[in-house]
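**Student:** no FASTA, just this:
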């Protein structure tokens with residue numbers, strides 16, 4: 001199963017490129033609200049440029065918000081910045097009781113594109129550079145992924161990795177569970193459909209080792225869980241291959 005990365009990026013982070021623009025055009029609005037995760041802030045960004053619009057909202061580490069005053073619960077003006085490898089966000093607005101909003105300007109880092117190209121990741125437009133800053137596609141992250149020698153590791157794929165949570169730890173845990181990931185697109189599919197190292201290990205303990213990536217994805221899509229497999233075996237069904245189990249689920253046999 002191959003994931004259409006271009007479509008994924010359009011759905012998750014809607015950026016419609018309309019040609020190159022000057023850096024000063026990268027202006028938009030931001031929002032802040034409390035996060036359920038310790039040490040995190042829920043940070044949202046909206047960027048509008050010549051008929052295009054991009055929006056994202058996710059948890060960001062508190063320590064990245066340089067100059068942001070979180071100590072006061074009273075409404076107050078704020079001015080802060082966030083610096084990542086791809087560029088810097090300069091923000092100003094207001095904050096009160098952990099919630100706020102304002103405007104930002106993005107300044108792309110002039111050396112970032114050159115450094116990425118030196119590692120083989122080219123084709124970075126200004127819109128993509130902004131997206132890479134938002135999703136923290138750092139030079140170190142790009143270098144670590146390149147060292148894994150994954151097939152199909154393009155510039156777009158690096159961004160998809162960050163959006164969907166494909167990390168070096170995820171890859172190594174999959175290997176420890178008996179899966180040797182070699183295809184970048186399949187790793188994104190694993191994250192989208194919930195093929196985790198724990199799932200692979202649980203299935204392996206039931207006698208299903210050395211499964212193909214497509215089989216693991218099909219299991220998650222159709223709900224072939226370890227509990228389902230155990231239940232079918234308990235009812236006396238024998239010679240249950242993964243393909244047969246998927247077929248049972250497809251036809252509603254429970």
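**Tutor:** Happy to help now that I have it. Bear in mind the structure is a predicted one, so any value in this text is a computation, not a measurement.

**Student:** Geometric centre of the protein: which residue is closest?
**Tutor:** Centrality entry for the chain: nearest residue to the mean C-alpha point is residue 163, 1.8 Å, by C-alpha atoms, centre = their mean.

**Student:** these two touch, right, that residue and residue 135?
**Tutor:** Yes - look at residue 163 against residue 135 with C-beta atoms under 8 Å: they come within range, at 5.7 Å. All C-beta atoms are positioned from the backbone trio N, CA, C, and that covers glycine.

**Student:** just the strands in the protein please.
**Tutor:** 27-34, 40-49, 52-61, 76-84, 87-96, 99-108 (DSSP state E).

**Student:** Now render these as JSON lines, adding mean neighbour count.
**Tutor:** Below are the strands of the chain laid out as JSON lines (neighbours: other C-beta atoms under 10 Å):
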{"stretch": "strand 27-34", "mean neighbour count": "17"}
{"stretch": "strand 40-49", "mean neighbour count": "18"}
{"stretch": "strand 52-61", "mean neighbour count": "15"}
{"stretch": "strand 76-84", "mean neighbour count": "16"}
{"stretch": "strand 87-96", "mean neighbour count": "18"}
{"stretch": "strand 99-108", "mean neighbour count": "17"}
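
**Student:** closest to residue 209 out of those strands?
**Tutor:** strand 52-61 (35.6 Å; C-beta to C-beta).

**Student:** in its sheet, what does the closest one sit against?
**Tutor:** strand 40-49 (antiparallel) (DSSP bridges).

**Student:** how big is the angle separating the partner strand from strand 76-84?
**Tutor:** Comparing the axes of strand 40-49 and strand 76-84 via axes from the mean of the first three to the mean of the last three C-alpha atoms, to 10 degrees yields an angle of 80 degrees.

**Student:** No further questions, thank you.
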